[in-house]
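Student: Fold the following and give me the result.
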Amino acid sequence: MNDLDFIFIWHHSDAMITIDKNKFSNLEQRERARLINSLSGVKSANLIGTQSTAGIANLSIISSIFHLGASPALFGFIIRPDSVPRDTLDNLRAHPFLTVNQVNEKIVESAHQTSARYNPEESEFEKCELTKEYLNNHQAPFVKESHIKFAGKLIREIPIEENGTTLLICEVICIHLIEECLGEDFFIDITKANSIGISGLDSYLNLKSLGRLSYAKPEKVLRWITRF
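Tutor: The predicted model follows:
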């Protein structure tokens with residue numbers, strides 16, 4: 001930790017540390033990145049599969065995927081500034097099809113390795129020992145070892161001026177998952193797929209379900225639909 005003067009706030013018997021904007025702005029770049037990236041808590045871990053115009057299958061681990069709506073079925077994710085080569089973004093600009101593959105415990109090391117900067121003519125599938133597969137005539141590669149995955153298509157690209165990142169809005173085309181993950185009410189239980197979460201840039205977490213709560217309404221007592 002840098003030699004910064006932190007402010008301690010005592011609440012009951014727990015020590016709280018306050019790091020204001022001036023303090024975290026003066027941290028070394030990697031320290032600031034670790035701090036801010038871990039601030040939002042647990043994020044999903046997914047591998048984005050794309051294909052270049054030369055037919056090279058690309059994989060990139062992404063922790064910024066988020067739900068945008070169910071009707072139509074949309075999702076979004078953030079790509080970091082393209083001041084350096086971004087194979088995923090370049091591939092999608094030329095060929096708008098992609099896959100989203102949830103990372104599970106068995107492939108976490110291979111998934112993390114995809115964050116290394118390989119040359120555009122090299123495939124992360126081969127370098128990181130993951131198996132590519134093409135399903136349902138979709139024009140982008142899936143990760144065979146992933147238990148929950150879906151096909152998507154880029155429909156809009158939105159530049160974010162504040163930090164040079166890019167928001168990609170995509171539609172869900174087709175879903176593939178192992179049978180035991182899908183409930184009778186079409187709820188997907190990601191814990192049954194041994195899916196994992198990410199905190200910050202490099203901390204991977206097991207996910208444990210507490211259960212599902214009933215739909216919240218005013219003046220109505222909540223109940224646990226399932227409780228573990």
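Student: export stretch 102-112 as PDB, just CAs?
Tutor: Provided in PDB are the C-alpha atoms of stretch 102-112 (Å, rounded to 0.1, in the frame of the first residue of the first chain):
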ATOM      1  CA  GLN A 102     -19.600 -19.100 -18.800                       C
ATOM      2  CA  VAL A 103     -16.300 -20.000 -17.100                       C
ATOM      3  CA  ASN A 104     -16.500 -22.900 -14.700                       C
ATOM      4  CA  GLU A 105     -14.000 -24.300 -12.100                       C
ATOM      5  CA  LYS A 106     -12.400 -26.800 -14.400                       C
ATOM      6  CA  ILE A 107     -11.300 -24.200 -17.000                       C
ATOM      7  CA  VAL A 108     -10.500 -21.200 -14.800                       C
ATOM      8  CA  GLU A 109      -6.800 -21.300 -15.500                       C
ATOM      9  CA  SER A 110      -7.200 -21.600 -19.200                       C
ATOM     10  CA  ALA A 111      -9.800 -18.900 -19.200                       C
ATOM     11  CA  HIS A 112      -7.500 -16.500 -17.300                       C
END
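Student: Can you give me the buried ones in that stretch?
Tutor: 102-104, 107-108, 110-112 (16 or more other Cβ atoms under 10 Å). Quick note: C-beta positions are derived from backbone N, CA and C, even for glycine.
Student: With stretch 170-177 instead?
Tutor: Using 16+ other Cβ under 10 Å as the test for burial, stretch 170-177 gives 170-173, 176-177.
Student: again with stretch 65-77
Tutor: Burial within stretch 65-77, assessed by neighbour count using 16+ other Cβ under 10 Å, is assigned to 65, 74-77.
Student: Determine the three-state secondary structure at Ile107.
Tutor: helix (DSSP: H, G, I helix; E, B strand; the rest coil).
Student: any idea how far it lies from Glu145?
Tutor: Per Cβ to Cβ, to the nearest Å, Ile107 is found 5 Å from Glu145.
Student: Lowest mean pLDDT among the helices and strands, pick that one out for the protein.
Tutor: Least confident helix or strand of the chain, by mean pLDDT, DSSP states H and E, is strand 7-11 with a mean of 47.
Student: ok so, going back, where do the contact lists of Ile107 and Glu145 overlap?
Tutor: The contact sets of Ile107 and Glu145 overlap at Leu130 (Cβ atoms under 8 Å, 6 or more residues apart in numbering).
Student: Keeping just the C-alphas, turn stretch 141-161 into CSV.
Tutor: Provided in CSV are the C-alpha atoms of stretch 141-161 (Å, rounded to 0.1, in the frame of the first residue of the first chain):
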residue,chain,number,x,y,z
PRO,A,141,-16.9,-20.5,-32.0
PHE,A,142,-18.1,-21.8,-28.7
VAL,A,143,-16.0,-23.2,-25.9
LYS,A,144,-16.9,-26.9,-25.6
GLU,A,145,-15.9,-27.1,-22.0
SER,A,146,-18.4,-24.4,-20.9
HIS,A,147,-21.6,-25.7,-19.4
ILE,A,148,-23.7,-22.5,-20.1
LYS,A,149,-23.2,-20.6,-23.3
PHE,A,150,-25.1,-18.6,-25.9
ALA,A,151,-24.8,-17.2,-29.4
GLY,A,152,-25.1,-13.4,-29.9
LYS,A,153,-24.9,-10.8,-32.6
LEU,A,154,-23.6,-7.2,-32.3
ILE,A,155,-26.3,-4.7,-33.1
ARG,A,156,-24.8,-1.4,-31.8
GLU,A,157,-21.5,0.1,-30.8
ILE,A,158,-21.5,3.1,-28.4
PRO,A,159,-18.2,4.9,-27.7
ILE,A,160,-17.9,6.2,-24.1
GLU,A,161,-16.1,9.5,-24.3
